[in-house]
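*Asks:* coords please:
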Amino acid sequence: MQYEDAYPVVFVRELPGAATFYTDVLGLEVLFESDFFLLLAIPGEKRGAIAFALEEHPTTPPNGPAVTPGSSVFLTLQVADAAGAFEELERAGVTIEYALKEEPWGQRRFGLVDPNGLYVDVVEQIEPDPAFWPGHGVGG
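*Replies:* Now for the predicted structure:
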(Lines give C-alpha, C1' and ligand atoms only; values in the text may rest on other atoms or scores of the structure.)
Protein backbone atom coordinates (compact mmCIF):
# COMPACT_ATOMS: atom_id res chain seq x y z
CA MET A 1 0.00 0.00 0.00
CA GLN A 2 1.36 3.42 -0.94
CA TYR A 3 -0.03 6.15 1.30
CA GLU A 4 -0.53 9.68 0.09
CA ASP A 5 -2.09 11.28 3.18
CA ALA A 6 -3.96 10.59 6.42
CA TYR A 7 -6.20 12.84 8.49
CA PRO A 8 -9.12 12.54 10.89
CA VAL A 9 -12.60 13.65 9.83
CA VAL A 10 -14.75 15.29 12.49
CA PHE A 11 -18.48 15.31 11.83
CA VAL A 12 -20.15 18.61 12.69
CA ARG A 13 -23.53 20.27 12.41
CA GLU A 14 -22.22 23.71 11.47
CA LEU A 15 -19.46 23.86 8.82
CA PRO A 16 -19.16 27.62 8.04
CA GLY A 17 -18.48 28.42 11.70
CA ALA A 18 -15.78 25.74 11.81
CA ALA A 19 -14.20 27.18 8.65
CA THR A 20 -14.10 30.69 10.11
CA PHE A 21 -12.81 29.52 13.49
CA TYR A 22 -9.96 27.37 12.16
CA THR A 23 -8.88 29.76 9.37
CA ASP A 24 -9.49 33.25 10.77
CA VAL A 25 -8.91 32.54 14.47
CA LEU A 26 -6.30 29.75 14.41
CA GLY A 27 -4.68 30.38 11.00
CA LEU A 28 -5.05 26.96 9.39
CA GLU A 29 -5.09 26.84 5.58
CA VAL A 30 -7.94 25.52 3.43
CA LEU A 31 -6.85 22.65 1.18
CA PHE A 32 -10.37 21.83 -0.02
CA GLU A 33 -13.78 23.29 0.73
CA SER A 34 -17.31 22.48 -0.37
CA ASP A 35 -20.74 23.00 1.13
CA PHE A 36 -20.44 19.70 3.08
CA PHE A 37 -16.68 19.08 3.56
CA LEU A 38 -13.67 21.12 4.69
CA LEU A 39 -10.03 19.96 4.66
CA LEU A 40 -7.55 22.15 6.57
CA ALA A 41 -3.80 22.02 7.10
CA ILE A 42 -1.26 23.59 9.37
CA PRO A 43 0.70 26.22 7.41
CA GLY A 44 4.36 25.50 6.66
CA GLU A 45 6.37 22.37 5.98
CA LYS A 46 4.92 20.20 8.77
CA ARG A 47 1.45 19.96 7.27
CA GLY A 48 -0.72 18.01 9.68
CA ALA A 49 -4.32 18.07 8.46
CA ILE A 50 -7.85 17.72 9.76
CA ALA A 51 -11.18 17.57 7.97
CA PHE A 52 -14.71 18.51 8.98
CA ALA A 53 -17.84 17.12 7.34
CA LEU A 54 -21.51 17.74 7.88
CA GLU A 55 -23.11 14.84 9.73
CA GLU A 56 -25.45 14.14 6.80
CA HIS A 57 -22.50 13.85 4.38
CA PRO A 58 -22.94 10.82 2.07
CA THR A 59 -19.72 9.21 3.31
CA THR A 60 -20.86 9.13 6.94
CA PRO A 61 -20.30 5.56 8.16
CA PRO A 62 -23.45 3.51 8.83
CA ASN A 63 -24.67 3.92 12.41
CA GLY A 64 -22.50 6.92 13.14
CA PRO A 65 -20.42 8.53 14.21
CA ALA A 66 -22.86 10.80 15.94
CA VAL A 67 -22.04 14.43 16.55
CA THR A 68 -21.37 14.52 20.29
CA PRO A 69 -19.50 17.62 21.42
CA GLY A 70 -17.09 17.02 24.26
CA SER A 71 -17.01 13.27 23.72
CA SER A 72 -13.94 11.05 23.62
CA VAL A 73 -12.01 13.10 21.08
CA PHE A 74 -10.31 16.48 21.05
CA LEU A 75 -7.88 18.24 18.74
CA THR A 76 -4.31 19.08 19.75
CA LEU A 77 -2.48 21.84 17.90
CA GLN A 78 1.22 21.80 18.79
CA VAL A 79 2.81 25.25 18.56
CA ALA A 80 6.29 26.69 19.05
CA ASP A 81 5.12 29.33 21.54
CA ALA A 82 1.97 28.58 23.53
CA ALA A 83 2.28 31.75 25.64
CA GLY A 84 2.47 33.89 22.50
CA ALA A 85 -0.50 32.07 20.93
CA PHE A 86 -2.48 32.48 24.15
CA GLU A 87 -1.79 36.23 24.26
CA GLU A 88 -2.66 36.63 20.57
CA LEU A 89 -6.00 34.83 20.92
CA GLU A 90 -6.83 36.61 24.17
CA ARG A 91 -6.17 40.01 22.51
CA ALA A 92 -8.48 38.94 19.66
CA GLY A 93 -11.27 38.30 22.19
CA VAL A 94 -11.34 34.51 21.81
CA THR A 95 -12.88 32.72 24.79
CA ILE A 96 -10.28 30.56 26.52
CA GLU A 97 -11.70 27.53 28.36
CA TYR A 98 -8.46 26.36 30.02
CA ALA A 99 -6.01 29.09 31.00
CA LEU A 100 -2.35 28.93 30.01
CA LYS A 101 -0.54 26.56 32.34
CA GLU A 102 2.77 24.73 32.56
CA GLU A 103 2.00 21.07 33.15
CA PRO A 104 4.48 18.94 35.13
CA TRP A 105 4.58 16.25 32.41
CA GLY A 106 6.24 18.70 29.98
CA GLN A 107 3.67 20.89 28.28
CA ARG A 108 2.77 24.55 28.30
CA ARG A 109 -0.84 24.59 27.16
CA PHE A 110 -4.26 26.20 27.05
CA GLY A 111 -7.60 25.18 25.63
CA LEU A 112 -10.57 26.57 23.76
CA VAL A 113 -13.75 25.18 22.22
CA ASP A 114 -14.67 25.49 18.54
CA PRO A 115 -18.16 26.51 17.33
CA ASN A 116 -19.24 22.84 17.18
CA GLY A 117 -18.17 22.07 20.74
CA LEU A 118 -14.85 20.35 19.90
CA TYR A 119 -12.20 21.02 22.55
CA VAL A 120 -8.95 22.36 21.06
CA ASP A 121 -5.79 21.86 23.14
CA VAL A 122 -2.98 24.25 22.14
CA VAL A 123 0.31 22.76 23.31
CA GLU A 124 4.00 23.61 23.42
CA GLN A 125 6.41 20.86 24.46
CA ILE A 126 8.67 21.97 27.33
CA GLU A 127 11.00 20.23 29.77
CA PRO A 128 9.01 18.14 32.25
CA ASP A 129 9.34 18.50 35.98
CA PRO A 130 11.92 15.84 36.91
CA ALA A 131 9.78 14.85 39.90
CA PHE A 132 6.90 13.97 37.59
CA TRP A 133 8.87 11.21 35.84
CA PRO A 134 10.95 9.77 38.72
CA GLY A 135 13.47 7.19 37.54
CA HIS A 136 12.55 7.66 33.90
CA GLY A 137 13.82 9.67 30.98
CA VAL A 138 11.47 12.06 29.23
CA GLY A 139 8.50 10.09 27.94
CA GLY A 140 9.26 6.84 29.69
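
*Asks:* The residue lying closest to residue 78 once chain neighbours are set aside: neighbour count?
*Replies:* In space, and not counting its chain neighbours, residue 78 is closest to residue 123: 5.2 Å by Cβ to Cβ, 6 or more residues apart in numbering. Using the backbone N, CA and C atoms, a C-beta is placed for each residue, glycine as well. Neighbour count for residue 123, taken as other Cβ atoms under 10 Å: 18.

*Asks:* Residue 34 now?
*Replies:* Residue 34 - counted by other Cβ under 10 Å - has 11 other residues nearby.

*Asks:* Equivalent analysis for residue 41, please.
*Replies:* 18.

*Asks:* May I have the beta-bridge partners of it?
*Replies:* residue 29, residue 49 (DSSP bridges).

*Asks:* what's near enough to touch the nearest residue to residue 42 once chain neighbours are set aside?
*Replies:* Nearest in space to residue 42, with sequence neighbours left out and distances taken as Cβ to Cβ, 6+ apart, is residue 48 at 4.9 Å. Contacts for residue 48 (Cβ atoms under 8 Å, 6 or more residues apart in numbering) come out as 7, 41, 42.

*Asks:* which ones are touching residue 80?
*Replies:* Going by Cβ under 8 Å, 6+ apart, the list of residues near residue 80 reads residue 124.
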